[in-house]
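Enquirer: structure, please.
(chains A, B and C)
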Amino acid sequence: MPWRVPPADRKAGTAPDPYRVWLSEVMLQQTTVATVRDYFERFTARWPDVSALAAAADADVMGEWAGLGYYARARNLLKCARVVTDTHGGAFPADHAALLGLPGIGPYTAAAISSIAFDLPHAVLDGNVERVMARLYDIHTPLPDAKPELLARAESLTPATRPGDYAQAVMDLGATICTPKSPACGICPLRDPCRARQRGTAPELPKKLPKKAKPVRHGRVYLGQRADGAWLLETRPDKGLLGGMLGWPGSDWVDTALPMPESAPPCDADWQVLPGEVRHTFTHFHLILQIMTAEIRADATPDRGHFVDPAGFRPSDLPTVMRKAFDLAR
DNA sequence: TACGCGTGGTG
DNA sequence: TCACCAAGCGT
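Expert: Predicted coordinates:
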């Protein structure tokens, strides 16, 4: 992983860069290593340190984050970079409580930065560690109720020496051996002390409370383009779903398919229904979108959004649901 | 406290 | 095809 310092380098005195540790840990929140890798490389190439990121334009950072999801992370990333630059002299504080007070840094990330970047003995508790602790101690209390007990177990196992290596090791164990399905107990370094393996309960742990079903919502978006190639887009409000991201103007998203929610087009034009539909699943609902397209007259003034000329438009700046709409219309 | 908040891989 | 899952945080 490009954000890791290999053991040999660390032994030779190369400490991890707190900026890179922080950036990788925020990207890794609820996100897989495979997905994060390319984003991490693009971010660090474009913004090599925290002051460079702090000086970036909001739209550039949101565009670079597009597709990674949980966009509040990107807004908080910028806030945090600016706080570190403006009030901490451009250096991340080597202090767990101070880290915890920064935007977008919660209990997990504060512990990860403390231990990995600063060698401070704080216990990380992510999904991997929860699973490892639940199995190691055969804890059947369902999540999230079990969290305090799992945290206590994780803290009691965190060593005073090399806590950062330990944190990464226990997460690696969860990611590669103590996996959610079909755990590889046969090659696990903790197979002897593991109570769940002894009792045969490992595959069913950790227990989780049942999740709510996802409702289906419906809506409509407008993809308008002028003869000069400019697209009519809008920057969504900072709060809520896809907050701060670029997107197509459209209707509210409602729970019933018919009638299609009333929505004034963002600009006067001869809008046509595009055959087909966009389907997308968010954290807590499924969405089905109807796509409207039109060529917009050169002298038209939009009621919503702004025109983005083709030279300045990168489809990769769009969140995935909006990029799906673009792909369908192309 | 419980809920809102994305996405892509996987079995 | 689809539910589950991933290195969580803010409100």
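
Enquirer: so which bits of the stretch 101-250 of chain A are right by DNA strand B?
Expert: A:181, A:240, A:241, A:242, A:243 (CB under 7 Å from any atom of the strand). (Each C-beta comes from the backbone N, C-alpha and C, glycine too.)

Enquirer: now with 10 Å?
Expert: A:144-145, A:147-148, A:179-182, A:209, A:211-212, A:214, A:217, A:236, A:239-245, A:247 (CB under 10 Å from any atom of the strand).

Enquirer: got the contact list for the lowest-mean-pLDDT helix or strand in chain A?
Expert: Here the helix or strand of chain A ranked lowest by mean pLDDT, DSSP states H and E is helix A:7-11, holding a mean of 84. Applying CB atoms under 8 Å, 6 or more residues apart in numbering, the contact partners of helix A:7-11 are A:16, A:165.

Enquirer: got the buried residues for that helix?
Expert: Buried positions in helix A:7-11, judged by neighbour count with 16 or more other CB atoms under 10 Å: residue A:10.

Enquirer: then stretch A:307-320?
Expert: For stretch A:307-320, the neighbour count (16+ other CB under 10 Å) marks A:307, A:308, A:313, A:317, A:318, A:319 as buried.

Enquirer: same check on stretch A:240-260?
Expert: Buried, per 16+ other CB under 10 Å, within stretch A:240-260: A:241, A:242, A:244, A:245, A:246, A:247, A:248, A:249, A:250, A:251, A:253.

Enquirer: picking that back up, so which of the buried residues of stretch A:307-320 sit within strands?
Expert: A:307, A:308 (DSSP state E).

Enquirer: pipe the buried residues of stretch A:307-320 into a markdown table and attach distance to residue A:226 and pLDDT per row.
Expert: Output for those, formatted as a markdown table (distance: CB to CB, whole Å; pLDDT from 0 to 100):
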| residue | distance to residue A:226 | pLDDT |
| --- | --- | --- |
| A:307 | 7 | 97 |
| A:308 | 10 | 96 |
| A:313 | 12 | 95 |
| A:317 | 19 | 96 |
| A:318 | 18 | 96 |
| A:319 | 23 | 96 |
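
Enquirer: before we move on, back to that, just the C-alphas of the least confident helix or strand of chain A, formatted as PDB.
Expert: Extracted in PDB, the C-alpha atoms of helix A:7-11 (Å, rounded to 0.1, in the frame of the first residue of the first chain):
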ATOM      1  CA  PRO A   7       9.600  -2.200   8.200                       C
ATOM      2  CA  ALA A   8      13.100  -1.900   6.900                       C
ATOM      3  CA  ASP A   9      12.700   1.900   6.100                       C
ATOM      4  CA  ARG A  10      11.000   2.400   9.500                       C
ATOM      5  CA  LYS A  11      13.900   0.700  11.200                       C
END
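
Enquirer: and after it, which helix or strand comes next?
Expert: Per DSSP states H and E, the first helix or strand lying C-terminal to helix A:7-11 is helix A:18-27.

Enquirer: show residues contacting whichever helix or strand comes after that next one.
Expert: Following helix A:18-27 in sequence order, the next helix or strand is helix A:33-46 (DSSP H and E). Applying CB under 8 Å, 6+ apart, the contact partners of helix A:33-46 are A:1-3, A:20, A:23-24, A:27-28, A:53, A:56, A:64-65, A:68, A:175.
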